[in-house]
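Q: A predicted structure for the sequence below; I have some questions about it.
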Amino acid sequence: MAMNTDSFESFGVGFQNNVIQGLLTDREFFEKSFETLKDDYFTGDAHKTVWTEVRKLFNKYNTPPTYETLKVEISSLPDNQLKADTIEVLLDIETKVNRQEIEYAKDKSLEFCKNQSMKQAILASVDLLKEGKYEEIQSVIEQSLKINTEQDLGQNYFDSFESRRKVHTRNTIPTGFPLLDEEDILDGGLGSGELGVVMAPTGGGKSFFLVNLGYGALAAGKNVIHYSMELSETHVGNRYDSRITGIPTKELRRRMVEAENELARFNGGQLMIKEYPPKVATINTIKFHVGRLLSNGFDPDLIIIDYGDLMKSRRGYEQKRFELESVFEDLRAMSMELKLPIWTATQSNRDGFNDEIITIDKVGEAINKAHVVDFFGTFSQRKFHVGKNRMGSANINFNIEMKPECAHIELNDDQSSGFSTSDKLNSLLGGGSDSRSKIGNLYKSYKDGE
């Protein structure tokens, strides 16, 4: 008769006794096993019953039960034979202690559970393969590899005060826009593991803005990867040429020697530009490419994706909004996994096309895209609006000065519609460092007719 490889049968009854003893005496082992150790891994009804009762009592009292508590619970079982067999197993476990064998059983059972998790993931992937859902296969496999790996207890707040004073917790990459990099807004730029999004209508300058963010990082000596799902690598490269040299794009060919000299004098970081067709690249496509760059010696400090709406979700959804939400969730997760800041863009809906100041509620297709990001800025008709900002102030407006022929964008204090940072208005608003925010809110109230 063939041995059951999906259970502890090949390890024997003594091994299973040691596993249960480890569960009842080692809280760390119990926590690692709780979600992954299945009843069916035990071969006898008595062992299955013990583990079932242990989990039931833990769910009720939030602590592993003692032997005495287990005996009381098992004594109330209606099946007399099962009750007797289970009590016998429990007494055997309680009285026979071999520390070395218990440690061996804990290690082997964890290994077995992880292998079973991988096996189930592979079996599930067969159906996904038949359906052509290749990206979901990797997601399933990745999840199976992550079980029971988190052992970090977190930061003890009061004990870590001194270390927080010594170490700057955010490793930021400057945007190149001084007003955005101010302490009260981005405090130096976008940080590792953070996702920043800029929004504009169709043809509103999203790609130009992302190039300027890339330039800001390059000028600070940082390495940048710029992914484009809309423009060719050459087209994006030409925009960087103009931004760095100040030479209009249409004049680059005629002024090639001058441009080459300017580029040679540019003392900045390195730039890699990679294009993908729209709706072809998934988050895995990006991760694999970053991995290849790392293996070839290119160590990025910032990732730019132009733009998130044109990426393909790893999962299939009937509604476009769910697909877009999934993409932005994946981007946020990737920024945390790679410990790199990511800038991307999104498109506003039709309601925002003619607005002088586009607010965050004008997000196209899926408003939940804005929920996962750390910074959300919008621009239209020469106005940049900070709509969401986990690092500092929000609801602030800036003027935009754009020179598209040179791919050059600047942000200046908002001086429009009589709402400025003049001394008179500051006095009316009570002054202070949050005057710009008050101005933005006052203007919004005026615009909405409130």
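A: Arrived safely.
Q: Tell me how many other residues surround Phe298.
A: Residues lying near Phe298 (other C-beta atoms under 10 Å) number 14. Quick note: C-beta positions are derived from backbone N, CA and C, even for glycine.
Q: how close does the closest residue in space to it that isn't next to it in sequence sit to Gln81?
A: Once flanking residues are discounted, Phe298 sits nearest to Met272: 6.1 Å by C-beta to C-beta, 6 or more residues apart in numbering. As judged by C-beta to C-beta, to the nearest Å, Met272 and Gln81 stand 69 Å apart.
Q: how about Gln16, secondary structure?
A: Secondary structure, DSSP: H, G, I helix; E, B strand; the rest coil: Gln16 is helix.
Q: So it is in contact with Thr43, correct?
A: Yes: under the criterion of C-beta atoms under 8 Å, Gln16 makes contact with Thr43 at 7.0 Å.
Q: intersection of neighbour lists for those two?
A: Counting by C-beta atoms under 8 Å, 6 or more residues apart in numbering, the contacts common to Gln16 and Thr43 are Phe8.
Q: neighbour count winner among these two?
A: Gln16 (26 against 17).
Q: got a list of what that one touches?
A: Applying C-beta under 8 Å, 6+ apart, one finds that Gln16 lies in contact with 8, 42-44, 47.
Q: and the nearest residue to Val327 once chain neighbours are set aside, how far is that from Phe288?
A: Spatial nearest neighbour of Val327, excluding adjacent residues (C-beta to C-beta, 6+ apart): Met311 at 4.9 Å. Met311 is 14 Å from Phe288, where distance means C-beta to C-beta.
Q: Those two - which one has more neighbours?
A: Neighbours per residue, other C-beta under 10 Å: of Met311 and Phe288, the larger number sits with Met311, 27 against 13.
Q: Please tell me how far that one sits from Asp330.
A: For Met311, the distance to Asp330 - C-beta to C-beta - is 8 Å.
Q: can you check Glu35 too?
A: On the measure of C-beta to C-beta, Glu35 and Asp330 end up 24 Å apart.
Q: Show me which of those two is the more surrounded one.
A: Under the criterion of other C-beta under 10 Å, the comparison of Glu35 against Asp330 puts Asp330 first, with 23 against 11.
Q: State the helix or strand in which the more buried one lies.
A: Per DSSP states H and E: Asp330 is located in helix 320-338.
Q: re earlier: from memory the residue nearest to Phe298 sits against Asn296, does it?
A: No: with contact defined as C-beta under 8 Å, Met272 and Asn296 do not form a contacting pair (9.8 Å).
Q: Have a look at these two and say which one is more surrounded.
A: More crowded of Met272 and Asn296, by other C-beta under 10 Å: Met272, with 17 against 8.
Q: looking at it, Ser228 is touching Lys274, isn't it?
A: Yes: at 7.3 Å, Ser228 counts as touching Lys274 under the criterion of C-beta under 8 Å.
Q: ranges for the helices of the stretch 51-200 of the chain?
A: 67-75, 80-95, 99-130, 134-145, 161-166, 178-181 (DSSP state H, counting those that start in this stretch).
Q: out of those helices, nearest to Ile400?
A: Distance to Ile400, taken as C-beta to C-beta, is lowest for helix 178-181 among the helices of the stretch 51-200 of the chain, at 10.9 Å.
Q: which intervals of the stretch 251-400 of the chain have sub-threshold pLDDT?
A: 315-321, 349-356, 359-367, 381 (pLDDT under 70).
Q: Would you map the strands across it?
A: 271-275, 302-306, 342-347, 375-380, 383-389, 396-403 (DSSP state E, counting those that start in this stretch).
Q: And for the third one, what's in contact with it?
A: In this case it means strand 342-347. 190, 194-202, 206-207, 209-210, 213-214, 302-309, 328, 331, 334-335, 363-365, 369.
Q: Work out for me the element Val50 sits within.
A: Following DSSP H and E, one finds Val50 within helix 45-61.
Q: Report the angle between that helix and helix 80-95.
A: 80 degrees (axes from the mean of the first three to the mean of the last three C-alpha atoms, to 10 degrees).
Q: Alpha carbons of helix 45-61, in CSV - could you do that?
A: Listed next in CSV are the C-alpha coordinates belonging to helix 45-61 (Å, rounded to 0.1, in the frame of the first residue of the first chain):
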residue,chain,number,x,y,z
ASP,A,45,-8.3,10.7,14.4
ALA,A,46,-7.0,11.2,17.9
HIS,A,47,-4.2,13.5,16.8
LYS,A,48,-6.6,15.4,14.5
THR,A,49,-9.0,15.9,17.4
VAL,A,50,-6.3,17.3,19.6
TRP,A,51,-5.2,19.8,17.0
THR,A,52,-8.8,20.8,16.3
GLU,A,53,-9.5,21.4,20.0
VAL,A,54,-6.3,23.3,20.4
ARG,A,55,-7.3,25.7,17.5
LYS,A,56,-10.8,26.0,18.8
LEU,A,57,-9.7,27.0,22.3
PHE,A,58,-7.1,29.4,20.9
ASN,A,59,-9.7,31.2,18.8
LYS,A,60,-11.9,31.6,21.8
TYR,A,61,-9.3,32.6,24.5
